[in-house]
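>>> Model the following, please.
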Amino acid sequence: MKKKIALLCALSLLACGVLGGCGQSSSLETQDSGSADTESGADADAAETSSDDTSADSTPAEGGSIVVGMTQELVSLDPHESNDAGTRSVLFNMYDGLVKATSDGDLMPAVAESYEISDDALCYTFTLRDGILFSDGSEVTAEDVKYSLERYAEVQGESSTFAAAVDSVVIDDESTISVYLTEANSEFLAQLTVAIIPESNDDPAGNPIGTGPFKYASYSAGQNLVLEKNEYYWGDAAYLDQVEFKFIADVETAFTELQAGTINILNYLTTSQVDTLKSQYSDQYTIVEGSMNLVHAMFLNNEYGPLSDVRVRQALCYAVDRDAINQYLFGGSSEIIGSHMIPSLTTWYEEDAASVYSYDVEKAQELLAEAGYEDGFDLTITVPGAYSQHVDTAQVIASQLEAVGINVTIEEVEWSSWLEDTYYNREYEATVVSFDGDLNPGSWLSRYRSDSSKNICNYSDETFDELLDQALATIDNDEKADLYSQLQMNLAENAAAVYIEDPADFVAVDSNYGGYVFYPTSAWDMSVVYQIAE
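Residues are numbered from 1 along each chain as shown. Next up, the predicted model:
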């Protein structure tokens, strides 16, 4: 027997775990695949403040254009190859899955208009939206959906969580498609935000075609991506006619362009930049504050020499002053965390993990001595240089670790190099980045499974793997919450990484625009942004 659930209703397992508004990210992870999912970092979001501060007392005007500044180049315009939250945040405007995230942490109908989940959580059946079209005007078919899901699994690889979870995709009739899983997974709906693309398009990267509110207009590598309003969009039409995402690799240059008015929106501002805008440009920009919904941390290669000893990793956790980092980077506005889960997923979040370690230099030195490193050791922290928050965090950590005898070298690299060498090849010792996830708690923790392609830390713990399998399979909320609590404490106590915070996100929005919202996943939704009518 199957129970039918309308997509607009609250999700019994997922939506209940996301409370409040949501904010944006710059990190690399989400969805479920062998993708990187960081912000670099790059993606998820949850705001504790108003997510639409820019729209107060303003009237939307139809039409117009906007320029959004980005300090990161896009990885690919092919949505099945995108592996960082920054890219996914942009592609959110061009593509839809069977379902899509909303700004309040729910899932809403997109290519599908309704779905059914079998009682054993092994089959998800979708009824496709009638008459939905791609951005080129062609009809979306069940064959396109099947092709898209199977292609995504193939592109991400057999080791990806998505590919491992899907047993088969079956077309029941021209408007119905079923996804059968290899094992029970009550959280799989959030993974079906996978972009639906035409089977007939043999060049998704060079000729992007989707069902989102905007369509592809032009792309210049290293310069910009231009989108136009999609006249075939199935939902509420976007206000703006055109959106340009402008790539500016240097953070200071991007801020200079913001001040000059050549870009209209810039994310991930530092507190000093916020102070500058408030004091000198208060009439020109509105500052919208939210949470990035990211796990910001110094991730450790658990197979590297000294870091293979849990006592050394624990020592690093004691030696790093998370509150000082929060105060320095975000004026104390971020929320301190102690494991790989964000506070906005309240049903699943284990707050006790944040107090496993306190700032304690003597304890750190004691553990290092026990492990045979009383004189310290050398440690290289690799950081994507385009992200000031990661570089600044690494610098603070370097000075703090010096107090316990650890000699830190900071290596700044290009984002593409970080992806290839640090993330995919795991050729690193420590790295400071942020990771995001989607609306299901499993997406945050599955990266630490011993055989996960996303296990950048090379973390290996049989107990963790067993608990994770149980958590993904159970459909009992209380049991699931308990298992996720144990998983978070496992990561904290074994010091898989030095977890720091869910960063605050300060966004500058040109005062001539309104409607900007934060999301609980990687999404810069430009369809709701508008020029304010005079």
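>>> ok, Tyr318 - how many residues close by?
Residues within reach of Tyr318, counting by other Cβ atoms under 10 Å, total 23. Placement of C-beta: from N, CA and C, glycine included.
>>> For it, give me its contacts.
Tyr318 makes contact with 357-361, 363-364, 367, according to Cβ atoms under 8 Å, 6 or more residues apart in numbering.
>>> Please identify which of those residues is nearest to Leu445.
Within the contacts of Tyr318, the smallest distance to Leu445 is 18.9 Å, found for Tyr357 (Cβ to Cβ).
>>> one step back: quick one: the contacts of Tyr318 as TSV, columns for pLDDT too.
Formatted as TSV, these follow (pLDDT from 0 to 100):
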residue	pLDDT
Tyr357	98
Ser358	97
Tyr359	98
Asp360	98
Val361	97
Lys363	98
Ala364	98
Leu367	98
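>>> just the buried members of the residues you listed?
357, 363-364, 367 (16 or more other Cβ atoms under 10 Å).
>>> Pick the one among these closest to Val498.
Closest to Val498, out of all of the buried ones among the contacts of Tyr318 and judged by Cβ to Cβ, is Tyr357, at 8.6 Å.
>>> Could you list the buried residues of stretch 195-212?
Neighbour-count burial for stretch 195-212 [16+ other Cβ under 10 Å]: 195-198, 201, 204, 208-212.
>>> do stretch 148-167 as well
Of all the residues in stretch 148-167, those buried under the rule 16+ other Cβ under 10 Å are 148-149, 151-153, 155-156, 160-166.
>>> For that stretch, measure first residue to last.
One end of stretch 148-167 sits 15 Å from the other (Cα to Cα, to the nearest Å).
>>> now do stretch 496-513
Stretch 496-513: ends 43 Å apart by Cα to Cα.
>>> where's it relative to the chain centroid, distance-wise?
What separates the centre of stretch 496-513 from the centre of its chain is 12 Å, taken as Cα atoms, centre = their mean, to the nearest Å.
>>> what is the mean pLDDT for that stretch?
Mean pLDDT, computed over stretch 496-513, is 96.
>>> residues in contact with stretch 135-148?
Taking Cβ under 8 Å, 6+ apart as the rule, stretch 135-148 contacts 80, 94, 98, 111, 126, 128-129, 131-134, 169-171, 173-177, 194-200, 209-212, 215-216, 230, 232-233.
>>> What's the end-to-end length of that stretch?
Criterion Cα to Cα; first-to-last residue distance in stretch 135-148 is 16 Å.
>>> residues of it that come out buried?
Judged by neighbour count using 16+ other Cβ under 10 Å, the buried positions of stretch 135-148 are 135, 140-142, 144-148.
>>> Ok, stretch 65-72 next?
So for stretch 65-72, counting by 16+ other Cβ under 10 Å, buried means 66-72.
>>> for those residues, which one is nearest Tyr484?
Gln72 (30.5 Å).
>>> Asp78 versus that closest one, what's the distance?
17 Å (Cβ to Cβ, to the nearest Å).
>>> And for Tyr95?
When Tyr95 is compared with Asp78 (using Cβ to Cβ), they lie 10 Å apart.
>>> and for the two, which residues touch both?
Pro208.
>>> okay, the two: which has more neighbours?
Counting neighbours by other Cβ under 10 Å for Tyr95 and for Asp78 shows that Tyr95 has the greater number, 28 against 19.
>>> Please look at the more buried one and Pro204 and confirm they touch.
No. If you go by Cβ atoms under 8 Å, Tyr95 and Pro204 don't touch, sitting 9.7 Å apart.
>>> got the contact list for Tyr268?
Neighbours of Tyr268 in contact, by Cβ under 8 Å, 6+ apart: 26, 71, 292, 387-389, 505-507.
>>> Quick one: mean pLDDT for stretch 283-294?
For stretch 283-294, mean pLDDT rounds to 91.
>>> per-residue pLDDT, Asp438?
78.
>>> For it, which three-state class applies?
coil (DSSP: H, G, I helix; E, B strand; the rest coil).
>>> any idea how far it lies from Ile66?
For Asp438, the distance to Ile66 - Cβ to Cβ - is 26 Å.
>>> Overlap in contacts, Tyr95 and Pro204.
Here Tyr95 and Pro204 have 79, 197 as joint contacts, going by Cβ under 8 Å, 6+ apart.
>>> residues contacting Ser65?
240-244.
>>> Where do the helices of the stretch 201-350 of the chain begin and end?
Here the stretch 201-350 of the chain has its helices, by DSSP state H, counting those that start in this stretch, at 251-260, 271-280, 310-319, 322-330.
>>> Please identify the most buried of these.
Burial of the helices of the stretch 201-350 of the chain is given as mean neighbour count (mean count of other Cβ atoms under 10 Å); helix 310-319 ranks first at a mean of 23.
>>> rewinding a little: make a ChimeraX selection of the buried ones in the contacts of stretch 135-148.
With 16+ other Cβ under 10 Å as the criterion, this ChimeraX line picks the buried residues out of the contacts of stretch 135-148:
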select :80,94,98,111,126,128,129,132,133,134,169,177,194,195,196,197,198,209,210,211,212,215,216,230,233
